[in-house]
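Here is the input, now give the coordinates:
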Amino acid sequence: MKLPKDKYIYFSSDNHLGAPTDELSKPRELKFVAWLDEVKKDAEAIFLLGDLFDFWFEYKHAVPKGFVRVLGKLAEIRDSGIPIYFFVGNHDLWMRDYFQKELNIPVYHKPKEFTFNDKTFLIGHGDGLGPGDKGYKRMKKVFTNKFFQWCYRWLHPDIGVPIAKHLSVKNKLISGDEDAKFLGEDNEWLVQYAKRKLEQKHYDYFVFGHRHLPLEIEVGNNSKYINLGDWISYYTYGKFDGETMSLNTFKE
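Numbering: from 1, shown residues only. This is a model prediction of the structure:
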């Protein structure tokens, strides 16, 4: 992808819409919609790096109700011709084809490489990567198991959705509450993941979410790991101008 002059690529992650309650998350949803309205003016592309929702599950003929403002805004932006890319997080990993069919937004379940101008990026949500985090990795294997998903789909949404919402907030392996503090470079598993990937191939930027912390860390020669933070405490986002990537804070 080549960026025209005065165009930018934007990155956002970890909105957790619906948490801790629909009522309390509504102001955050409105703020995120305001951000989308702002960036659409000069966006060449928008990347959403997961956990847009605190819980999401696609039944064959139904999706969780709510979030119409953000879904409508994404549809508007995509219909205007601006590409949007979505990477599932640990809270919305049960996405299937709704975004693709309804919004024309591709959905990725693993990190993916991109090249913008002459800069190489590795982009993803970040959950389950690198050393450690073994409890969550075991849980993710269960959640991504096709048989488990098939069994869960037989629960009526009036039963399945409240159960999943409760676990999404209360279960620390799912919610990530234990990872809310900076652990130091040697203990940040996404930093270690980035350094290991550099042994195989050079990337200018590793861009992830999941950690809920805005971070910019040099991981190699001309290589940087960036964590996008969140839309709960920081309201931070990434912006690439064709040469450099920066972290910014949205203020209405």
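
tally of neighbours for G18?
Neighbours of G18 under the rule other CB atoms under 10 Å: 25. The way it works is simple: take the backbone N, C-alpha and C, and place the C-beta from them, glycine included.

Over to the one 5 residues further on?
The local packing of E23 (other CB under 10 Å) involves 7 other residues.

Now do the buried residues in the helix or strand hosting it.
Taking DSSP states H and E as the criterion, the element that holds E23 is helix 22-39. For helix 22-39, the neighbour count (16 or more other CB atoms under 10 Å) marks 25, 28-29, 31-32, 35-36, 39 as buried.

want to throw these into CSV with distance to L103?
Converted to CSV, these look like this (distance: CB to CB, whole Å):
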residue, distance to L103
S25, 20
R28, 20
E29, 16
K31, 21
F32, 15
W35, 18
L36, 13
V39, 17
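
about what we covered before: who does the next helix or strand after the helix holding E23 pair up with?
The helix or strand immediately downstream of helix 22-39 is strand 43-48, counting by DSSP H and E. Sheet pairing of strand 43-48 (DSSP bridges) gives strand 8-12 (parallel), strand 84-87 (parallel).

of all those strands, which lies closest to W231?
W231 lies closest, by CB to CB, to one member of the strands paired with strand 43-48: strand 8-12, at 7.2 Å.

With just CA atoms, put that closest one into CSV.
What follows is strand 8-12, C-alpha atoms only, in CSV (Å, rounded to 0.1, in the frame of the first residue of the first chain):
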residue,chain,number,x,y,z
TYR,A,8,-2.5,8.4,7.1
ILE,A,9,-3.1,4.9,8.3
TYR,A,10,-4.8,4.7,11.7
PHE,A,11,-4.7,1.9,14.3
SER,A,12,-7.0,1.3,17.3
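
any idea of the mean pLDDT in it?
The average pLDDT within strand 8-12 is 98.

Nearest to T244 among the strands paired with strand 43-48 would be which one?
When the strands paired with strand 43-48 are compared by CB to CB, strand 8-12 sits nearest T244, at 11.0 Å.

Residues touching that closest one, excluding its own?
Residues from elsewhere that reach strand 8-12, judged by CB atoms under 8 Å, 6 or more residues apart in numbering: 1, 3, 32, 35, 39, 42-49, 116, 123, 207, 228, 231, 237-242.

for that strand, the distance to its chain's centre please.
How far strand 8-12 lies from its chain's middle: 12 Å, per CA atoms, centre = their mean, to the nearest Å.

next one: stretch 208-218
Offset of stretch 208-218 from its chain centre (CA atoms, centre = their mean): 12 Å.

Between the two ends of that stretch, how far is it?
14 Å (CA to CA, to the nearest Å).

What residues of that stretch count as buried?
Going by 16+ other CB under 10 Å, stretch 208-218 has these buried residues: 208-215, 217.

What of stretch 67-75?
67, 70-71, 73-74.

again, but for stretch 49-57
Buried-residue list, stretch 49-57, by 16+ other CB under 10 Å: 49-57.

Can you name the two of those that sit furthest apart?
L49 and F57 (19.4 Å).

Having no further points to raise, I will conclude here.
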